[in-house]
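In: Here is my input; please provide its structure:
(chains A and B)
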Amino acid sequence: MKTVLVRALLTIAFALSLANAVWAQTGKVFIREGEKGDGGYWKTTYGVNPPKTLSPEHAAIRDRLMKRRVLEEYVDFLSPVRWPHALKLFASDCSGGSGDSTYYSPGNYYINVCYPFVAGYEKAADFLVQVQNKQKLWTPVSRDALVAGMFVATLMHETGHAAFDIMEVPVFGREEDAADQMSMLLALQFGRDNARTVVKGRAYFWAFESLWMRADPPIAKPDPRSPNYPKDPMQQCWVDPFCSYSDEHGTAGQRMYNSLCIAYGGQPEWFKDFIEAHWLPPDREKNCSAEYQRVKFAFQKTILPFIDQEQMKKNLTKSWFQGTEIKER
Amino acid sequence: MKRKLPVIAFAALSSLALTAPAAAQPSTSATAQQLSVKIVYESPTNTKFTPIYERLKQRRVLEELQAFMAPLRLPRELTVRIAQCGSQNLPYKPQGPATVCYELIDQIERFVASHTRDANLAQTAITGGFVQAVLHETSHALFEVLQVPIWGREDDAADRLAALIMMQFGDDVANMVMYGTQLLFRWSDQKWTGNAFASEVSPDYQRYFNYACIAVAANWPQFGGLVINKIIPQHRAARCEGEYNQIRKAFDLRIMPHLDPDLLVQVRATAWLNWANQQANQQ
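Out: Residues are numbered from 1 along each chain as shown, chains lettered A, B, ... in the order given. Next up, the predicted model:
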């Protein structure tokens, strides 16, 4: 009888300690290591069995992210949020493919930053700076600011998905657009320099995709007999004028205009140079203030109750970018 | 093609309202005192639209919408009107009426006529387009009147709410209206390039997939063929159930509290758009 009682007590004690461990994580955001000592910057792919090690290019990206302490900084950035479920952050080589995008996993409550996606940002920034050296862009750009802005805007976009899932936010519109709105709204809350880095990174990335990578849906279908006609069904969909609209994301052009509209609508003085450069058509520009107010209202009604205001005040005054990351040319 | 409203479908619906037995209709007289939705048929100044005006009014299409919306308990009156706008669409403005334009109805009828000679198919497309437009514009008004927080582009949100509501009619009506809506967006001749993508309204093909995705998740037996036949590609089809659950959850949280549950049961038990079904059966 005594043994049974001891076992029962031990079981209860174990259950309580487990509950405590879970409880300790609830409401927080933390970094998830792949293997001990990697600091959450995984040295492998994720979800691939067996895991693959990094290419030299991606290993160098990992080193840069670690040195810049991007995950640690982002944990700090999100510290005012009282998450109903703990949110985990880590970086990895994802599936190891070149097309991997940083993503949030619904129900699993983690954001996985993909090295291949960072590589894509760096290439886009290099390209845009080269273009700038030959011709005038709408507004001046610098490589470091572009890369930093693209990276953080994406993290904020995925944070939007995390918030919608974890906080059970009612989303009436398309969730991908909503996550874009979240990234722009967040970017505007931390002063002009931080905002311009994030917004410019976002806008220029989608401009790059739309104008130079021709990522918007085509208006004519290529000849299926052409040797260049894709073999993969998904690739066939992207070159089809109808099927290419099936994506749950907006088109590259839509995402560029949507992002700028929210930014200009919220802070017209900070972004008037984009309007002077005719980046937004007048028909869209005239409603940007109302669009921003709509997003702000949605944030206040659905997200703000999860934010610790005292902690937020501290974060609002911080400069999140460093040196050349806010250098505009 | 921008938003298109099927005049004929609406007319068919209204004719049903005139001919259906009183018991089969929502208790319009009983709820008349509680209605917070006001309806208006504005007389068009352009005589070209007079036949549309006469037909819609005679068929009492707005009265049917009003009865359909009887369960709503709104903090202030909401007006839904049919009017001559000077363009196909009149965006909703705060405190304003939700407006469906004669120009749009006219455009839908002509557009459908240019795409099919099949009277049955035309009837479906016109009905679907018309109901879609009414529900879409009414959704904009509901967002404002109920102070609903909107994440995502508002026009897409209005589409998603309209799609959800469409699928709440009985099978026959829901399928006709949803199928008609899809036909109009699928037939679209829009070709978007450059700064066309700056529009606050999504491209018709994009809207097609938004409606179709919700339809598939809401009623697989009727719309699952869109996935099986790969009209909706696999990468999007895999997300449709989640999209449907998301808009349903948003509705339950932000709009359902404003509905009278007893009247909602009555509305769900009512046969809607009988005129459209009758016309379709006769063709």
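In: OK, contacts around residue A:309?
Out: Under the criterion of Cβ atoms under 8 Å, 6 or more residues apart in numbering or on different chains, the contact list for residue A:309 reads residue A:80. Any C-beta I mention is one placed from the backbone N, CA and C, and that applies to glycine too.
In: try 7 Å this time
Out: Listed by Cβ atoms under 7 Å, 6 or more residues apart in numbering or on different chains, the contact set of residue A:309 is empty.
In: now the one 5 residues further on
Out: Contact analysis of residue A:314 by Cβ under 7 Å, 6+ apart lists nothing.
In: quick check, it in a helix?
Out: Yes - assessed by DSSP: H, G, I helix; E, B strand; the rest coil, residue A:314 belongs to a helix.
In: Enumerate every residue touching residue A:265.
Out: When contacts are counted by Cβ under 7 Å, 6+ apart, residue A:265 touches A:288, A:289, A:291, A:292.
In: try residue B:144
Out: By Cβ under 7 Å, 6+ apart, the contact list for residue B:144 reads residue B:94.
In: 8 Å - rerun?
Out: B:92, B:94, B:95.
In: what's the answer for residue A:241, then?
Out: For residue A:241, the contacting residues are A:217, A:218, A:219, A:220, A:221, B:191, B:205, taking Cβ under 8 Å, 6+ apart as the criterion.
In: For chain A, give me its nearest residue in chain B.
Out: Here chain B gets closest to chain A at one residue, residue B:152, 1.6 Å apart by Cβ to the nearest Cβ.
In: from memory that residue sits against residue A:164, does it?
Out: No - using Cβ atoms under 8 Å, residue B:152 and residue A:164 do not qualify as a contacting pair, with a distance of 10.0 Å.
In: ok, the two, which is more surrounded?
Out: The neighbour comparison of residue B:152 against residue A:164 (other Cβ atoms under 10 Å in any protein chain shown) goes to residue B:152, with 25 against 22.
In: What residues does the closest residue to the more buried one other than its chain neighbours make contact with?
Out: Using Cβ to Cβ, 6 or more residues apart in numbering or on different chains and skipping the chain neighbours, the partner closest in space to residue B:152 is residue A:173 (1.6 Å). For residue A:173, the contact set (Cβ under 8 Å, 6+ apart) comprises B:150, B:151, B:152, B:153, B:154, B:156, B:157, B:160.
In: Confirm for me that residue A:280 is in contact with residue A:262.
Out: No - with the criterion set as Cβ under 8 Å, residue A:280 and residue A:262 do not qualify as a contacting pair; they are 10.9 Å apart.
In: ok, back up a step: can you redo the contacts of residue A:241 as a markdown table with secondary structure and pLDDT?
Out: What follows is those, written out as a markdown table (DSSP: H, G, I helix; E, B strand; the rest coil; pLDDT from 0 to 100):
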| residue | secondary structure | pLDDT |
| --- | --- | --- |
| A:217 | coil | 93 |
| A:218 | coil | 92 |
| A:219 | coil | 91 |
| A:220 | coil | 90 |
| A:221 | coil | 87 |
| B:191 | coil | 90 |
| B:205 | helix | 97 |
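In: how would you label the closest residue to chain B within chain A: helix, strand or coil?
Out: As assessed by Cβ to the nearest Cβ, chain B sits closest to residue A:173 within chain A, at 1.6 Å. Three states are possible here, and by three-state DSSP the one that applies to residue A:173 is coil.
In: tell me which residues in the helix or strand hosting residue A:129 are buried?
Out: In this structure, residue A:129 is located in helix A:115-134 according to DSSP states H and E. Neighbour-count burial for helix A:115-134 flags A:115-122, A:124-125, A:128-129, A:132 (criterion: 16 or more other Cβ atoms under 10 Å in any protein chain shown).
In: Greatest separation within these: which pair is it?
Out: With distance counted by Cβ to Cβ, no two of the buried residues of helix A:115-134 lie farther apart than A:115 and A:132, which are 25.9 Å apart.
In: Skipping adjacent residues, who's closest to residue 192 in space?
Out: Let's take chain A. Beyond its immediate neighbours in the sequence, the residue positioned closest to residue A:192 (Cβ to Cβ, 6+ apart) is residue A:270, lying 5.1 Å away.
In: wrong one, chain B
Out: In space, and not counting its chain neighbours, residue B:192 is closest to residue B:203: 5.0 Å by Cβ to Cβ, 6+ apart.
In: So the one you found sits against residue A:246, correct?
Out: No - assessed by Cβ under 8 Å, residue B:203 is found out of contact with residue A:246, at 11.4 Å.
In: Contact partners for the residue lying farthest from the centre of chain B?
Out: For chain B, the largest distance from the centre (Cα atoms, centre = their mean) belongs to residue B:194, which lies 29.7 Å off. Contacts of residue B:194 were listed using Cβ under 8 Å, 6+ apart, and they are residue A:253.
In: Give me the pLDDT value at it.
Out: Among the per-residue scores, residue B:194 shows a pLDDT of 92.
In: Also residue A:12?
Out: Reading off the model, residue A:12 has pLDDT 53.
In: same deal with the one 5 residues further on?
Out: Residue A:17 is assigned a pLDDT of 47 by the prediction.
In: What segments of the stretch 51-200 of chain B are helices?
Out: With helices called from DSSP state H, counting those that start in this stretch, the stretch 51-200 of chain B shows them at B:61-68, B:102-115, B:119-145, B:154-166, B:171-186.
In: about what we covered before: of the contacts of residue B:144 - the most surrounded one?
Out: Counting by other Cβ under 10 Å, residue B:92 has the largest number of neighbours within the contacts of residue B:144, with 21 neighbours.
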